[in-house]
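Undergrad: the following comprises the amino acid sequence and a computationally predicted model.
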Amino acid sequence: MRLSVLVPVYNEEVVVERCLKQVLSTPLPEKLDREVILVDDCSTDGTFGILERLASEHPEIRLFRHPVNRGKGAAIRTAVQQATGDFSIIQDADLEYDPSEYPRLLRPLLDGRADVVFGSRYLAGEQTRVLPFWHSVINQGLTLVSNMFCNQNISDMETGYKVFRTDLLKSIPIRSERFGFEPEVTVKCAKRRFRIYEVPISYHGRTYEEGKKIRWRDGLNAVGVILKYWLIDDLYLEPYGRAFLNNLSGTPQYLNWMTTVIRPHMGNSVLEIGAGIGNLSARLMGRRSRYVAADHDPLYLHTLQNRFLRTPNVSVAKIEPSSRQDFIPFREQFDTALCLNVLEYAASPASVLHSLSDSLAPGGRLIVLVPQSTSLYGTIDKTLGHRRRYGLSELSKELEGCGLMVEHVQQLNKIGMPAWWIYARLLRRTRIDKLTLKLFDVTVWFWRRVDWILPWRGLSLVVSARKRA
């Protein structure tokens with residue numbers, strides 16, 4: 001295993017060599033290897049010459065340089081792109097934070113309890129330099145604002161010591177160029193439900209005369225960053241499908257509507273493929289003796305494991321829907337299988353349905369939810385990665401070909417049909433914005449009551465089919 005130490009540097013010729021020697025010499029737990037990724041943000045003093053010499057002397061150092069000064073956030077973004085370790089720690093090059101505390105910061109990650117660890121200057125550390133009152137008040141005020149919008153109880157959001165699982169850090173889009181990195185990454189970690197731990201650290205802060213660079217304007221910017229990423233779900237680098245799943249988690253009334261349609265047909269032991277981030281799993285798992293939430297995307301699997309970590313009747317499995325091999329351990333183990341918004345992505349829907357049928361005990365039910373109406377296929381479907389939309393006759397034929405007998409059919413979300421046609425066919429939009437989803441969700445109470453009256457087909461089709469004995 002390896003630790004990537006990400007070091008943004010700008011005009012630190014006085015202290016940078018001493019700082020990096022501490023980084024290179026500090027013992028790491030469990031024989032971790034280390035790599036040190038230096039990003040010089042176009043220093044104008046002698047810093048870059050010192051970094052070049054150190055990089056030539058130490059093979060574990062990799063040095064990069066920005067041609068123009070862009071800010072701490074931009075330097076961290078460059079470093080993250082180059083990181084190859086299992087874990088990544090942000091290390092400022094100013095001696096305010098002590099590298100000898102790496103083992104303490106890494107312990108929750110190595111124990112498998114955390115995804116992100118914040119080193120807190122306000123918990124009881126061994127040593128903390130006394131700094132100006134108003135500087136501390138501003139830091140704690142920004143932390144309070146962040147906690148209010150993120151629903152967290154973090155004690156030090158602005159800390160420079162943050163340690164991440166590298167695969168998760170690489171999946172977060174870092175947009176801030178300067179010190180907005182701290183609030184931005186905190187909001188995004190909270191919205192993605194990462195397991196965040198805090199450990200106390202020592203802090204040897206500098207004064208402005210000693211070279212401290214953050215200013216009062218950065219405090220105002222931090223508030224703006226918190227508000228921006230509270231409103232905007234810019235949580236994944238790619239693809240759009242992940243962002244759409246997260247947006248759906250903000251439409252609880254629509255999800256509740258879906259579950260009321262699906263739940264009456266479910267049994268006691270359930271396999272759900274394509275579980276995503278668990279939006280529906282969390283609503284359907286109740287009162288089941290066994291619920292297996294399966295997906296193949298590593299980020300989704302990680303989210304599912306976090307979400308259901310302390311839910312004893314739920315387990316998480318890696319299943320690629322198109323791989324018959326992945327279903328073999330689950331043959332004839334369930335009385336219900338859920339295939340919700342999966343078939344439209346599959347290259348071979350028949351293969352997926354055969355695998356799901358194999359996972360059912362004789363007499364078990366398969367519940368399928370698919371987007372309806374081939375004539376609606378448009379730009380949003382293409383953006384989401386849909387290969388097709390379905391008609392009832394086509395879906396029924398595929399189910400019967402897999403030894404499944406259709407028992408129940410229900411249209412869902414008829415009001416969504418004209419809206420989808422306007423967005424995807426008429427306006428040729430590529431996505432549905434969060435505001436539109438929110439407006440729809442607050443009116444779901446009405447649409448679900450008149451859904452049966454509307455004379456056209458629903459946007460989605462729900463079919464329950466039983467496996468023949």
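TA: Thanks, I have the structure now. Numbering: from 1, shown residues only.
Undergrad: show me what the longest strand seen in the chain is packed up against.
TA: Counting by DSSP state E, the longest strand found in the chain is strand 360-371. The helices and strands touching strand 360-371, judged by 3 or more C-beta pairs under 8 Å, 6 or more residues apart in numbering; DSSP states H and E, are helix 252-262, strand 334-340, helix 349-359, helix 392-400, strand 404-412, strand 460-467. C-beta: built from backbone N, CA, C; applies to glycine.
Undergrad: what's the angle between the last one and helix 392-400?
TA: Right, the one you point to is strand 460-467. Angular relation of strand 460-467 and helix 392-400 on a 0 to 180 degree scale: 30 degrees, by axes from the mean of the first three to the mean of the last three C-alpha atoms, to 10 degrees.
Undergrad: okay, now the sheet partners of strand 460-467, with direction.
TA: Each strand paired with strand 460-467, and its direction, by DSSP bridges: strand 360-371 (antiparallel), strand 404-412 (antiparallel).
Undergrad: give me the below-cutoff pLDDT ranges for the stretch 201-350 of the chain.
TA: Under the criterion pLDDT under 70, the flagged ranges of the stretch 201-350 of the chain are 205-216, 218, 238-250.
Undergrad: out of the strands paired with strand 460-467, which one sits most buried?
TA: The highest mean neighbour count among the strands paired with strand 460-467, using mean count of other C-beta atoms under 10 Å, belongs to strand 360-371: a mean of 21.
Undergrad: so what touches that strand?
TA: Counting by C-beta atoms under 8 Å, 6 or more residues apart in numbering, strand 360-371 makes contact with 258, 262, 265-267, 332-341, 343-344, 353, 356-357, 381, 386, 389-390, 395, 399, 404, 407, 412, 459-469, all of which sit outside it.
Undergrad: any chance of TSV for the helices and strands packed on strand 360-371, columns distance to Phe179?
TA: Supplementary listing: the helices and strands packed on strand 360-371 in TSV, determined by distance: least, C-beta to C-beta, whole Å:
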stretch	distance to Phe179
helix 252-262	34
strand 334-340	42
helix 349-359	47
helix 392-400	53
strand 404-412	46
strand 460-467	45
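Undergrad: which of these sits most buried?
TA: In terms of average neighbour count - mean count of other C-beta under 10 Å - the standout among the helices and strands packed on strand 360-371 is strand 334-340, at a mean of 24.
Undergrad: what is the orientation angle of that strand with strand 360-371?
TA: Using the same axes, to 10 degrees, strand 334-340 lies at 20 degrees relative to strand 360-371.
Undergrad: mind listing the strands strand 334-340 pairs with, and their directions?
TA: Take DSSP bridges as the rule and strand 334-340 pairs in its sheet with strand 269-273 (parallel), strand 360-371 (parallel).
Undergrad: can you name the next helix or strand after the shortest one?
TA: Looking back up the chat, that one is strand 269-273. Reading on from strand 269-273 to the C-terminus, the next helix or strand found by DSSP states H and E is helix 281-284.
Undergrad: now for that next one, which elements pack on it?
TA: When contacts are defined as 3+ C-beta pairs under 8 Å, 6+ apart, helix 281-284 sits against helix 252-262, strand 269-273, strand 290-295, helix 298-307.
Undergrad: can you give me the strands for the stretch 151-300 of the chain?
TA: For the stretch 151-300 of the chain, the strands defined by DSSP state E, counting those that start in this stretch occupy 162-165, 196-200, 269-273, 290-295.
Undergrad: residues of the first one that come out buried?
TA: If I follow you right, that is strand 162-165. Of the residues in strand 162-165, those scored as buried under the neighbour-count criterion (16 or more other C-beta atoms under 10 Å) are 162-165.
Undergrad: partner strands of that strand, parallel or antiparallel?
TA: Taking DSSP bridges as the criterion, strand 162-165 pairs within the sheet with strand 87-90 (antiparallel), strand 116-120 (antiparallel).
Undergrad: could I get the full set of strands for the stretch 1-150 of the chain?
TA: 2-9, 33-40, 61-65, 87-90, 116-120.
Undergrad: returning to that earlier point: turn the strands paired with strand 334-340 into JSON lines, including distance to Arg104.
TA: Listed next are these as JSON lines, based on distance: least, C-beta to C-beta, whole Å:
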{"stretch": "strand 269-273", "distance to Arg104": "39"}
{"stretch": "strand 360-371", "distance to Arg104": "47"}
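Undergrad: of the ones you listed, which is nearest Leu231?
TA: strand 360-371 (27.9 Å; C-beta to C-beta).
Undergrad: got the end-to-end distance for stretch 47-65?
TA: Separation of the first and last residues of stretch 47-65 by C-alpha to C-alpha, to the nearest Å is 11 Å.
Undergrad: cool, thanks, signing off.
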